[in-house]
Structure formats: structure tokens, C-alpha cells
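# give me a model of this one.
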Amino acid sequence: MPQSRRPLIEARRDQMFPVLEPAEVGRLWRFGELKSYAAGDRIAATGEIAPGAFVILAGRVEVTHRGMPGHSELIVAHGPGSFMGELAQLSGRPSLVDAYAKEAAETLVIPSRRLRNLLVEEAELGERIMRALILRRVGLLDRGAGGPVIVGSADHADVLRLEGFLRRNGHPHQRFDPKTDPCAQTLIDRFHIEARELPIVLCPNGQLLRNPSDVELARCIGLVKPIDPDKIYDVVIVGAGPAGLAASVYAGSEGLSVLALDCRAFGGQAGASARIENYLGFPTGISGLALMARAYHQAQKFGVEMAIPDEVGSLQEEAVSDERRFLLTLANKERVRARAVVIASGARYRRLDVDNLASYEGSCVHYWASPLEGRLCTGQEVALVGGGNSAGQAAAYLSSQVAKVWLIVRKPGLSANMSRYLVERITATPNIEILTETTVTALDGQDGILEAIRCRSHRSGDESKLAIRHLFLFIGADPNTDWLSRSGVMLDDKGFVRAGTDIHKPLETNLPGVFAIGDVRSGSVKRVAAGVGEGAQVVAALHAFLAELERTALTANTRRQ
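Numbers count the residues shown, from 1 in each chain. Model prediction:
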């Protein structure tokens, strides 16, 4: 690890790898079962689903992570009283590490379902264990340990896409560039990979993928698994942004069976924010990814099932006997049934109206500003289009990574759509230059590499040319509601979902049992806190609807008898 990282990891080692007192171990017996391992036995393997988390009662267990094929590195050696596990065990996903009994070991195995019970029922002890699980994932992310290996050039559009997908989903990975790393070239030669097939991805289970889609990669590393077509959920939540995650946490914590779906990653647009400084309770600010990751893990703690990335293609009502329910068909043709549905599908990024935009998307045109993009642009001049809070946060972040940020705004100033604290910060940053009443009219470049952008001033009509290789677009979003086209759900003239007292009960659409929250709802306040508030509020409406559904079913049964 980089030397700068080592003191931080070592300083939190006691929290990452706590040793439990005998009395604390005793409180965990009711959650697990005893299992013995002989010296040399494999307890967990990277890429395979482990039987659960483990409490080491006797003996010694070593945990290692894999690097390039044939190489491994020791993470920690567990002795009596140690708790062995990681966030993968909380959700029943494949392990990111290997674990072997260094000597004969007695363990208490706690399966995923019982681990979630432990975290809820043993509040103080559960808090220590949950903190350890999260910190261990942070450690694996720092190392890139346990995840897939991506082989391809750092600036390749599909490498950026795959790295961005994994980062947004909080999944570790490693990348090797064949231009600079002989191990990467060895892999290419071994598997006879042609240049058009790059990047390749080596999954922990040994499977090799040639330039996979996000969904193909997710299935290979176990991020998503088949959905039970016979299960009927109390509620399916479509979208895992701030509103959807809030609804998941509150519904799960109140005992509802919940499935949350998202077509790309948890966190939505908020998860791409470099820093959120006006969210209640975080006076020094927090990155959008960190805030949304906490909510994501919190939902899993309460038993919420996550299917990410899984895209919903359609919604329709379904009648079975006297019971009404909803059927959602996914893009992969899987089917999901639920008694109620919460639409939290948010919005999609708007694109510039220039002819050759698609040629540069993914490699030179970006819709979020994360450390990944920051590294690509180090020392360069970049352009950023947009005048809202997201644009302001991105400009402030990029200014610390690049030589200069050209901030291009259609309106006469920033104050119309941007919070005052951001306006003040941007105007005080010397390497941000603001071009007001200006639009981007053309992109110049070749072979997918952006070389310059052309801008026109609304005031003078003059066109200028800026030598730019990376362009960031934060120009708003359109509602993500195409999948509702044949559902019967009413939309407004801009495509947002109509819900609330003018249609039905609060947050309910014209279809009883279908609710809309967050950015996708017509008239909503487009803020993280507002989405979280609606996510909490909708659970009360869900309870009322499900209770009425149950009363109706009981009445129907009574009449039949």
C-alpha cells in the first residue's frame, strides 16, 4: 500500500479486527453452529459463497487476498475471539478473500440471515461488528483486493466504464495496463487476445470476459443472482438513489419484505457527487458515494434484497383470485411480483445537442466527476457545462486536480440555480474561469479523442475555441419513466410521475399501491434530503395500503366461507 495509507489503516486496526471478550462470544452462540477445521483446510475461497461469518473459538486462521494469478498476500491472522467476515457475508455474495486454517480450528459459523439478526438484536455488539465489516471493505478497496482484474489502457472508454461501474458499486478491483505492465501483456499473450477484444476482465472465479457489459461483469463476480419468480414481495422499489435507499431502509427495518432494483449502481446521481456539504448532520461534508454506501449497507442490515444492476422493462397489474398485485418484467426477462411498488427511478443525464457527442462519451465526455476522472485530467485544462449544485460541486472538486476549469453557464450568473456557499467558493477559486451566457456548439477531435470544444457567446455571438481533452456535462436530467409507458401510471407533460393529493393519497399514483418518490415525482424538490424524506414518508403510506389489502382479503375469505 502507499505509505500515506498505512498509518490510517494501522490506526483503525483495532476497529477493523476486534477481539471479542469471552462473555461477548457467549452472546453469539445462539446465532450460529459449531464447526471444526483441520490444519490446512480451506474455510473460504475468493469467488465462492462462504457459509457465513465466523467466530474463531480456538486455533488460528489466516486471511489472504489474491493479486495477479499465482500471488497472494496476508491480510490478517485470526486467533481465539476474532470475528472473521466481510460485507460479502452480510448479503450472501461471493467471498473477496481466501481463508485457511493455519492450525486446527474451532469456529462458530453464523450464516448471512442470522448475521443480520445479530446486528439488529445485539445492538452494541452488532455496531462493533458492522463497523468492522465496513472498514474491512474499505481496506479491500484500498488494495483492490478480491475483485476482478481489468486488463486495458487507463484511458480506454470501456476500461473507464468498467472501473466506474465497480467503483460506484463499492466493489474492489485491479487494473493493469499492457503498455506499462508486463504481467498484463503476459495475460493477453496467454489467452490470445486481439486488440479489438480489449479490455479483458479476469473474474475471481477464473472466468475470462472479453469487453463485457456491466451486467455480464456483475453476474460473473456475483453482484446479482437470479430472482425467485414465485416470491411475492411486500414492496419492490425501482431505483436505489437517495429516495429509494431511504424507502428500503425504513421498509426493511419495519419488517416488510423488500426488493430494491437499479439498472446501474446504488446512490443514483447523488452517488456521483464529489462532496455534499449541505446535508443535515455532516458539517464538514461527505462524498456522495460514502453517504449512499452507508445507506446501501444499512438496507442490507435490515434484510432488504438488492438486485443491482437489474433494469425494469415494464410494470403491469396482475389479478390472482381476489388479490391484486403487480408484475414487473426485467430487461433480462426475469419477472418480479409484489403487493406494492415504489417508483424511485430518478432521472437520466441530459446530453449536449451536438452531432458527434457519442464519439467521445465514456473516454473524453463525462457525466460525473469522481477520483477516477480526476486522475485522468491531472494537470490539464477541462471544461464543465452546468450551473446547478451538482456542477458547482464538480467544479470545486476538479479545481483541486486540474490546471484550470472552464465553467460554462447558459444564464447570466450562477446564483439562480446554485447554493450561495458554492457560488462563493467557485468565485474565490483562482483556477476556475466562468463563461456566462455561453453554450457549447461543437466538439473537435478524431478517433474518439477530444481535442477542442467550440463555444458561442449569447451576448456577442462570437465563437471561441478551447483546447480541451475532457468535457464534463452537468446540464440537468430528464425523468427515467420510459419503462412506465404501458403501465397506466399518469405522467405530467414533462414525463414526471404524477402522485399525491391531486391524484390519490400522499405519494400514491393513480394506480392504488403504486407510489412515486424523489426526483421522478412531478413537483418534487430535487435535493438529496428531500428524496430521503419522501423515502421515509412513503413507508407509512405503504403500511396503510398493505393493511387495507389484508382487510379486503380477509373480508373476501369470510364471504366465501
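# all contacts plus neighbour counts: C-alpha atoms, from now on.
Noted.
# list the helices and strands the helix ranked longest in the chain packs on?
When the chain is parsed with DSSP state H, its longest helix is helix 528-560. Where contact means 3 or more C-alpha pairs under 8 Å, 6 or more residues apart in numbering; DSSP states H and E, helix 528-560 is packed against helix 242-253, strand 335-343.
# go with 10 Å
Secondary-structure packing of helix 528-560 (3 or more C-alpha pairs under 10 Å, 6 or more residues apart in numbering; DSSP states H and E): strand 232-238, helix 242-253, strand 323-330, strand 335-343, strand 514-516.
# dump those to TSV, plus mean pLDDT and distance to S390.
Formatted as TSV, the helices and strands packed on helix 528-560 follow (pLDDT from 0 to 100; distance: least, C-alpha to C-alpha, whole Å):
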stretch	mean pLDDT	distance to S390
strand 232-238	97	23
helix 242-253	97	15
strand 323-330	91	30
strand 335-343	97	23
strand 514-516	97	23
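# of all those, which one comes closest to G303?
helix 242-253 (6.2 Å; C-alpha to C-alpha).
# what's the angle between that closest one and helix 528-560?
Taking axes from the mean of the first three to the mean of the last three C-alpha atoms, to 10 degrees, helix 242-253 and helix 528-560 form an angle of 50 degrees between their directions.
# contacts for the next helix or strand after helix 242-253?
Following helix 242-253 in sequence order, the next helix or strand is strand 258-261 (DSSP states H and E). For strand 258-261, contacts defined as C-alpha atoms under 10 Å, 6 or more residues apart in numbering pick out 227, 232-240, 244-245, 247-249, 251-252, 266, 299, 302-312, 330, 336-338, 340-342, 344-345.
# try it again at 6 Å.
For strand 258-261, contacts defined as C-alpha atoms under 6 Å, 6 or more residues apart in numbering pick out Y233, V235, V236, I237, V238, G239, V304, E305, M306, A307, I308, D310.
# same check on stretch 78-93?
19-20, 49, 52-58, 60-61, 95, 112, 133.
# the helices and strands packed on helix 528-560: which one's closest to C377?
Checked against C-alpha to C-alpha, the stretch from these lying closest is helix 242-253, at 28.6 Å.
# so where do the helices sit in the stretch 351-500 of the chain?
Using DSSP state H, counting those that start in this stretch, the helices of the stretch 351-500 of the chain run over 371-376, 389-399, 420-427.
# got TSV for those helices, with distance to D355, mean neighbour count and mean pLDDT too?
Below are the helices of the stretch 351-500 of the chain laid out as TSV (distance: least, C-alpha to C-alpha, whole Å; neighbours: other C-alpha atoms under 10 Å; pLDDT from 0 to 100):
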stretch	distance to D355	mean neighbour count	mean pLDDT
helix 371-376	24	16	87
helix 389-399	23	24	93
helix 420-427	31	16	94
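# can you list those helices in CSV and add distance to A553?
Below are the helices of the stretch 351-500 of the chain laid out as CSV (distance: least, C-alpha to C-alpha, whole Å):
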stretch, distance to A553
helix 371-376, 52
helix 389-399, 47
helix 420-427, 53
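# specify the stretch among the helices and strands packed on helix 528-560 that is closest to F472.
helix 242-253 (22.7 Å).
# angle of the closest one against strand 232-238?
Relative orientation of helix 242-253 versus strand 232-238 (the same axes, to 10 degrees): 160 degrees.
# make residue 1 into 50 and carry on from there
Taking 50 as the first residue, the last one we looked at is helix 291-302.
# picking up where we left off before, quick one, which of the helices of the stretch 400-549 of the chain is nearest to T488?
The closest of those to T488 is helix 438-448. By C-alpha to C-alpha, the value is 14.8 Å.
# CA atoms only for that closest one, dumped as PDB, please.
In PDB, the C-alpha atoms belonging to helix 438-448 read as follows (Å, rounded to 0.1, in the frame of the first residue of the first chain):
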ATOM      1  CA  ASN A 438     -25.300  22.500  -7.400                       C
ATOM      2  CA  SER A 439     -24.000  19.300  -9.000                       C
ATOM      3  CA  ALA A 440     -22.000  21.400 -11.400                       C
ATOM      4  CA  GLY A 441     -20.700  23.600  -8.600                       C
ATOM      5  CA  GLN A 442     -19.600  20.600  -6.500                       C
ATOM      6  CA  ALA A 443     -17.900  19.000  -9.500                       C
ATOM      7  CA  ALA A 444     -16.100  22.200 -10.500                       C
ATOM      8  CA  ALA A 445     -14.800  22.700  -6.900                       C
ATOM      9  CA  TYR A 446     -13.500  19.200  -6.800                       C
ATOM     10  CA  LEU A 447     -11.900  19.300 -10.200                       C
ATOM     11  CA  SER A 448     -10.200  22.600  -9.400                       C
END
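# distance from the chain centre to it, please.
Distance of helix 438-448 from its chain centroid, counting by C-alpha atoms, centre = their mean, to the nearest Å, is 20 Å.
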